[in-house]
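Colleague: sequence and predicted structure are below.
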Amino acid sequence: MIAPALVIGPIFYREVLVGARRPRTLMIQTGFVLALIIAVLVAWPPAGAAPNVVLTAGRTAFSVLAWVAWAVVVLLAPAFTAGTITAEKERNTLGLLMMAEVNHFEIVAGKLLSRVFFLLVLLLLGTPVIFALLSLGGVSYEEILICGLHLAVFALYGGAVGVFFSTIMRADTRALIGSLVWITSHLLVADVLVRVLDLSPKIQVAVSPFRAYLYVLSPGSVSATTVGLEPGLWLPGALVLVGLALLMTIAATLALPRAALGGKMSPGLILLVVTFAPLLRRLGLTRAALAAATGPEVVSTDPGRGPRGGGNPIYWYEVRRRGSRVWLIILRLVIRFGVIGVAIAAGLGASYYNAPEVHVLGVTFMVTLLQLVTTVIAATSVASERETQTLTILASTPVEAETYVHGKITGLVRKSLFLFALPAIYVLFFSLWGDLRWHSAISIAVAVPVLGIGSIVQGVFLSLIMASSLRASVVALLVAFGEFVLSWCCCLMTFNPFLIANFAVIPQDGPAFYATGTEPIYLFIALVFSAGVHIGCTLVLYSLATQEFDRYVGRIP
Amino acid sequence: MIETRGLTKTYGEMTAVDHLDLSIEKGDIFAFIGPNGAGKSTTMKILATLLRPTTGQAYVCGYSVIGQARHIRRKVGYMPDFFGVYQDMTVNEYLEFFAALYKIPPKERRRMVGDVLDLTDLSYKKAADVSSLSRGMQQRLGLARVLLHDPEVLLLDEPASGLDPRARVEMRELLKELRNMGKTIVISSHILVELAELCNKVGIVERGKLVYSGGIDEVLEKLRRPGIVQVRVPNDERERARALLEDIDVVKTAVLRDDLVEVELDAEVTDPSIVARVLLNAGVPLSLFRQEEVDLEDAFLRLTKGQVA
Ligand SMILES: Nc1ncnc2c1ncn2[C@@H]1O[C@H](COP(=O)(O)OP(=O)(O)OP(=O)(O)O)[C@@H](O)[C@H]1O
Ligand SMILES: [Mg+2]
């Protein structure tokens, strides 16, 4: 430990020491390795199987493991770092840290590298399992190493995104939402872009991290002409991610002084500054741009109004908005119509290139966004009140379980209504346009509310039983990921944005993994079945949340 | 109004509240004092139905905290020692939010909020963000919130912490007003001088056990040692005065304490004025002559052993 301490500095050293002592670290590591072992056991061929069956099994197992590891890295890297700077802000220790003789870059980089270090340790723990696959064949040392490199690099990038949002946001959960939205958008937008523009494989792997990883796992699906893995195709993607990680870290460093002062920041403007950071630096405008992005706080003279009439106060609390200024409302509307416009423009591009997968990707993106955002805001809703100790006084009032839970859920639905509407608007538009068929709209109308409300109830429930909002959101995300994986096996499409998109967009072809084939009627039966199961689960969680409410919030029933 | 019987709360090995028997009547202002970690906050939390006692019973307004908690919550205003405030909410919204939680009819909310804001002198901060208030103002806002639903019983855990001297005086006046309105108030504080003039009953706890409970005047009376007289004389006369006093035959001891001379008389002496007479006859100027005073602070120090749980 001494050597890295000298190289990377005291922050790294302290974080690694403290982190290694947490029982949570051990739990995550055990869980990860167990998941890998189970995955391998499932894929392991029966004794005495034919050699080519064994080879295929080895290959399949490797792919499954690699994708599980990738999903874990994508979800966990920002989750590991999203709380780093916000925690210092909450404890008011950031100022202290900055007054010490450490330069700002070192603070940010130390935090980042220490957390990424844990993720790398996690991945390293999985290597024995992966190397066990070598005995099956179908996969080479080289492939495993390159795959590991890509994972490590993505961990660095995801971590840097987390640290950046942790610097500019006030609460760790907002930082988490910000980083997840950023990363999903990056992955999906880059992927859609290279497909729509039909770029050459070399550029594809450089622009889209997803394509780059896909290339490592199955080179043929990216570039038909290559034999084995070519450095010219697996290296650029990794290098680009390292560069982006560095950029994010620099951006976080720039925003750090302002963060210590606790000012409000506009994430949008900061992101603009970040994007043009190298240019601004050259022009000597960094400081001015940052000052503009973080502008002074506006002191309002409007006392505001509490809950109206006999309405549910908890609902009011969730959906209330400060700053009901006209220009803010207009700005919000412009952004919303902008988002719808961009989505539809992308879809129109797709129909020009006649690529239905783009519709699938677009709908997947919108539904995933709904799932991610609702999951995280629901998971943080109660837990953050617990963290700020506002739950105690709430519990001392006569508020009833039904009022509270119902108010939370309806409030969160209202809050994310735009995300509910987005895929519906998209599908409706393209049904009218003629790209999609009418049952697409019906599937969306059924599946999206079920998934969204399901995620919210699930998140609120986890939030009630968990102590910290960050923990609740990470657990809720992992549960969502578990459902995503399980739903492939059980035909439960409403749990899985990708399946929803597939059903909605190309049901006449039937996704390859459904033997039901060409009859949409079977798909509708599957849809109804899945919705039924999903609604059932949601109702169970809802009644559990209301019945055990007093116990969860810590008061005598 | 409040009654506990054998109230006990344990955290693992640690007993935070140990067979506590309290009895507080309607209109009482009960001072709850004790060293850090004595179990005051824990007791208050139980009374506020936020913590289940391990054994024992507690009744508030005739309802048991176990089984009838929901009735208690309607009648009680609880202000914890530490409480968070919401981000992005103005003072007015905050109070209207809680008014709605207490099911105050929409028409009355405005008036109620206005009233408690006036009472706590926060009206001018109506539009301010709750999280931007200073610690003392947040404390006052906490008090305002507790008063919203006109509760019969107030449980205030260290309400004066973080307040400046003027605000403390104002808080005391406010509590007196509430006392006159007939409310029952349980208040814990470490600033004892303030409690003495406000409260009529006191409970002293140490390590979860009740060391004393009863009227405040009684405890002070009980702790007063009758035969002690204190006098103040000019500095250069102190030693001579002490020697003179020690020579009187009804005086057991005479010692210098702070800037006073403290004289302990024999128990049977009923008229301590001999002390003054001796000194005046010897030509020693006298600027103070009094029987020893006991205040709540002394009571606290004498009844507790300074054991911190
Ligand atoms: N959640 C808890 N878990 C374990 N022990 C606790 C818990 N809450 C309180 N205690 C312990 O119970 C004891 C009583 O605590 P309490 O907060 O009631 O004291 P207090 O009289 O309010 O002290 P102070 O004057 O410092 O506010 C302490 O020793 C404390 O450590
Ligand atoms: Mg206390």
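Modeller: Structure's in. What do you need? Ligands and ions are numbered 1, 2, ... in the order given.
Colleague: which residues does residue 44 contact?
Modeller: All of this refers to chain A. A:A57, A:A61, A:L136 (CB atoms under 8 Å, 6 or more residues apart in numbering or on different chains). Just so you know, the C-beta spots here come from the backbone N, C-alpha and C atoms, and that holds for glycine as well.
Colleague: you looked at the wrong chain, it should be chain B
Modeller: B:F32, B:Y78, B:P80, B:L155, B:D157, B:V186, B:S188.
Colleague: which residue ranges of the stretch 201-309 of chain B form strands?
Modeller: B:201-206, B:209-215, B:228-232, B:251-257, B:260-265, B:288-291 (DSSP state E, counting those that start in this stretch).
Colleague: is it possible to get CSV of those that adds mean neighbour count and distance to chain A?
Modeller: Formatted as CSV, the strands of the stretch 201-309 of chain B follow (neighbours: other CB atoms under 10 Å in any protein chain shown; distance: least, CB to the nearest CB, whole Å):
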stretch, mean neighbour count, distance to chain A
strand B:201-206, 24, 21
strand B:209-215, 17, 22
strand B:228-232, 19, 46
strand B:251-257, 14, 44
strand B:260-265, 20, 46
strand B:288-291, 13, 45
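Colleague: and these as a markdown table, adding mean pLDDT and distance to A:A109?
Modeller: Converted to a markdown table, these look like this (pLDDT from 0 to 100; distance: least, CB to CB, whole Å):
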| stretch | mean pLDDT | distance to A:A109 |
| --- | --- | --- |
| strand B:201-206 | 89 | 51 |
| strand B:209-215 | 87 | 54 |
| strand B:228-232 | 85 | 67 |
| strand B:251-257 | 83 | 63 |
| strand B:260-265 | 84 | 65 |
| strand B:288-291 | 83 | 68 |
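Colleague: narrow the contacts of B:M44 to those in strands?
Modeller: The strands, defined by DSSP state E, take in B:F32, B:Y78, B:L155, B:D157, B:V186, B:S188 from these.
Colleague: ligand 1 next: which of the contacts of A:W44 are close?
Modeller: Residues of the contacts of A:W44 in contact with ligand 1 (CB under 6 Å from any ligand atom): none.
Colleague: can you put these in TSV and add distance to ligand 2, secondary structure and neighbour count?
Modeller: Compiled in TSV, those are given as follows (distance: CB to the ion, whole Å; DSSP: H, G, I helix; E, B strand; the rest coil; neighbours: other CB atoms under 10 Å in any protein chain shown):
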residue	distance to ligand 2	secondary structure	neighbour count
A:A57	63	helix	19
A:A61	58	helix	25
A:L136	63	coil	21
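Colleague: from these, pick the one nearest B:V275.
Modeller: B:V275 lies nearest to A:A61 out of those, by CB to CB, at 99.1 Å.
Colleague: test my guess that that closest one contacts A:L41.
Modeller: No. Using CB atoms under 8 Å, A:A61 is not in contact with A:L41; the gap is 9.3 Å.
Colleague: could you say which helix or strand holds the nearest residue to B:I191 once chain neighbours are set aside?
Modeller: Leaving out its chain neighbours, the residue that sits closest to B:I191 by CB to CB, 6 or more residues apart in numbering or on different chains is B:A160, at 5.6 Å. Taking DSSP states H and E as the definition, B:A160 sits outside all helices and strands.
Colleague: residue ranges with poor pLDDT in the stretch 101-250 of chain B?
Modeller: B:223-224 (pLDDT under 70).
Colleague: tell me where the model's unsure across the stretch 151-300 of chain A.
Modeller: A:224-227, A:259-275, A:277-278, A:286-300.
Colleague: oh sorry, the question was meant for the stretch 1-150 of chain A
Modeller: Looking at the stretch 1-150 of chain A by pLDDT under 70, you get A:1-25, A:91-92, A:95-102.
Colleague: what about the strands in it?
Modeller: Under DSSP E, counting those that start in this stretch, the stretch 1-150 of chain A gives no strands.
Colleague: how about stretch A:477-493: buried residues?
Modeller: By 16 or more other CB atoms under 10 Å in any protein chain shown, the buried positions in stretch A:477-493 come out as A:L477, A:L478, A:V479, A:A480, A:F481, A:E483, A:F484, A:V485, A:S487, A:C491, A:L492, A:M493.
Colleague: the ones in strands among the contacts of B:M44: which ones sit near ligand 1?
Modeller: Counting by CB under 6 Å from any ligand atom, no member of those is near ligand 1.
Colleague: now these as CSV including neighbour count?
Modeller: As requested, those are exported to CSV (neighbours: other CB atoms under 10 Å in any protein chain shown):
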residue, neighbour count
B:F32, 28
B:Y78, 28
B:L155, 27
B:D157, 23
B:V186, 29
B:S188, 25
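Colleague: identify, from those residues, the entry nearest to A:S384.
Modeller: B:Y78 (21.5 Å).
Colleague: give me the pLDDT value at the nearest residue to the closest one once chain neighbours are set aside.
Modeller: Spatial nearest neighbour of B:Y78, chain neighbours left out: B:A48 (3.7 Å); criterion: CB to CB, 6+ apart. We note a pLDDT of 92 for B:A48 in this prediction.
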